[in-house]
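S.K.: From the sequence below, what's the structure:
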Amino acid sequence: MGKPTGFMEYKREKGKEEAPLKRIKNWGEYATKLTDDALQKQGARCMDCGTPFCHMGIEIRGATTGCPINNLIPEWNDLVYKGKWQEALERLSMTNNFPEFTGRVCPAPCEGSCTLAISDPAVSIKSIERTIIDKGFENGWVTPRIPTARTGKKIAIIGSGPAGLASADELNQAGHSVTIYERADRAGGLLMYGIPNMKLEKEVVERRIHLLQQEGIDFILNTEVGIAISVDDLKSNFDAVILCIGAQKQRKLHLKGSESKGVHLAMDYLSSTTKSLLDSNFADGQFINTKGKDVIVIGGGDTGADCVATAIRQNCRSVVQFGKHPQLPASRAEDNQWPTDPNIFKLEYAYEEANAKFGKDPREYLIQTKEIVSDKYGSLKELHTIHMEKVLGEDGFYFFKEIPGTEKIWPAQFVFVAIGFEGPETNLAQQFGINVVNKKISASTKNYATNVEGIFTAGDARRGQSLIVWAIKEGQEVAKRIDEYVSKTPVISP
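M.R.: Now for the predicted structure:
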């Protein structure tokens, strides 16, 4: 590395963030870039560790460790330190189709497995990655890569999320003709409508979509396969089909009163908000408006946090987020040692904003909703809850036990359910005749092929709800298998 002692000389810095009370007044990205000088120092912190765990990309105890797409992190850190930004972009682009997405919304398991993180704050990998690609676009280094020859093979991809886009990018560069079908009115899948604008501005998504179109990929929007176009037509007109439809079937509450007016699934709330913002800057009124209302979010994950941040920007009267698990520890637990991703307490952007506006963290831990109560008109009125404790049973497994006397009534006019996703919607798989096992489209990582000839799958539809980097990785891998399937001489490297 260019600065062997950099990790001892410089402290970690991350991208600057707009002050919470200021940023909640707009819908723009709250995180900005560091200066070039600051980022060169951050690159210098990469410590020539010999074995860079940051890019190994494996799962340990079900948690991602390192970068699944095997980004060459130490190499482009060193190039950034030396001020060689264009070369850093070339290195980054070798492994990552869409660093502008991962550099903004990936939870960065690479930083959790950074060797420096054993004793000090990790290298600011995510901030460096984002800046490399943004500089690439700003300086005109990112230009359309139009294949010089076409193979004559045609591939259809259903779904334009990160898995679909990554497979399309790889197959297009191999010379195959690629068509992406998307049922929404804009391409991008959850990148477009599932992630709020303040985390990922949609101009960033549209910029990449436009580049892929320039490179020869066809996008057919507002078209639901199985309804607007039959699966038989698709099978007869294309040499292979990939289902990258995600795991968008949301888990519902099964509680008394859960059908009350004002109870919504989280993604319905987030997607309608983003669509109205993009369509009319909210002038059309086609969104769920929490202004002046008491909001409760059920579910302690990132989607729930996004609901909190969205409600705050809508000027809700109050917001609380319920989670069934205990508060995470401030430092790694004994069973969460490096290089696994640190499962520790963090004050994410939404919670910083709630703290600033309401003077408290909105999260409630170890809480169970017992009943949802509506008024005589069927509109949501309140939630009844009880607190729990996590107890180790005689069989060695933990269970949750209610604590008598901790019952509480919470006023609410809106509840957003963010308790995860069951898996992909299965109607399309059924039309293709594809096996669905354990609520996932069945296909192995060996060839990503389903039980139906010529039909493949990748991303959350195959593996279940996961990280954006896993979706990109699966898109890359399924592209290799399809290239082998349709070609006498495969182009994409194994």
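S.K.: can you give me the helices in the stretch 151-300 of the chain?
M.R.: With helices called from DSSP state H, counting those that start in this stretch, the stretch 151-300 of the chain shows them at 162-173, 190-193, 202-214, 231-237, 266-280.
S.K.: from the middle of its chain, how far away would the shortest one be?
M.R.: In this view, helix 190-193 has its centroid 9 Å away from the chain centroid, taken as Cα atoms, centre = their mean, to the nearest Å.
S.K.: so Asp218 touches Ile180, yeah?
M.R.: Yes. With contact defined as Cβ atoms under 8 Å, Asp218 counts as touching Ile180 (6.9 Å). (C-beta placed from N, C-alpha, C; glycine too.)
S.K.: okay, now the residue lying closest to Ala330 once chain neighbours are set aside: neighbour count?
M.R.: Residue nearest to Ala330 in three dimensions, not counting chain neighbours: Phe345, with 5.5 Å by Cβ to Cβ, 6 or more residues apart in numbering. Other residues within reach of Phe345 by the criterion other Cβ atoms under 10 Å amount to 11.
S.K.: any idea how the protein splits into domains?
M.R.: 6-138, 154-248+422-486, 252-419 (automatic domain parsing).
S.K.: So for Ile146, which of those domains sits nearest?
M.R.: Counting by Cβ to Cβ, Ile146 lies closest to domain 154-248+422-486 out of those; the figure is 5.6 Å.
S.K.: now the closest one: how far from the chain's centre is it?
M.R.: On Cα atoms, centre = their mean, the centre of domain 154-248+422-486 falls 15 Å from that of its chain.
S.K.: show me where pLDDT drops low in the chain?
M.R.: Along the chain, the parts satisfying pLDDT under 70 run over 1-2.
S.K.: longest helix of it?
M.R.: If you go by DSSP state H, the chain has its longest helix at helix 468-486.
S.K.: and the angle for it with helix 162-173?
M.R.: 40 degrees (axes from the mean of the first three to the mean of the last three Cα atoms, to 10 degrees).
S.K.: tell me what helix 468-486 is packed against?
M.R.: helix 99-105, helix 162-173, strand 240-243, strand 455-457, helix 460-463 (3 or more Cβ pairs under 8 Å, 6 or more residues apart in numbering; DSSP states H and E).
S.K.: now those as CSV including distance to Ala44?
M.R.: Listed next are those as CSV, based on distance: least, Cβ to Cβ, whole Å:
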stretch, distance to Ala44
helix 99-105, 19
helix 162-173, 31
strand 240-243, 41
strand 455-457, 42
helix 460-463, 36
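S.K.: circling back to that earlier point, would you mind giving the secondary structure of the residue nearest to Ala330?
M.R.: Per DSSP: H, G, I helix; E, B strand; the rest coil, the secondary structure class of Phe345 is coil.
S.K.: didn't it look like it was pressed against Leu328?
M.R.: Yes. Distance between Phe345 and Leu328: 4.3 Å, which falls inside the contact criterion (Cβ under 8 Å).
S.K.: picking that back up, between Asp218 and Ile180, who's got more neighbours?
M.R.: Neighbour count, other Cβ under 10 Å: between Asp218 and Ile180, Ile180 has more, with 26 against 15.
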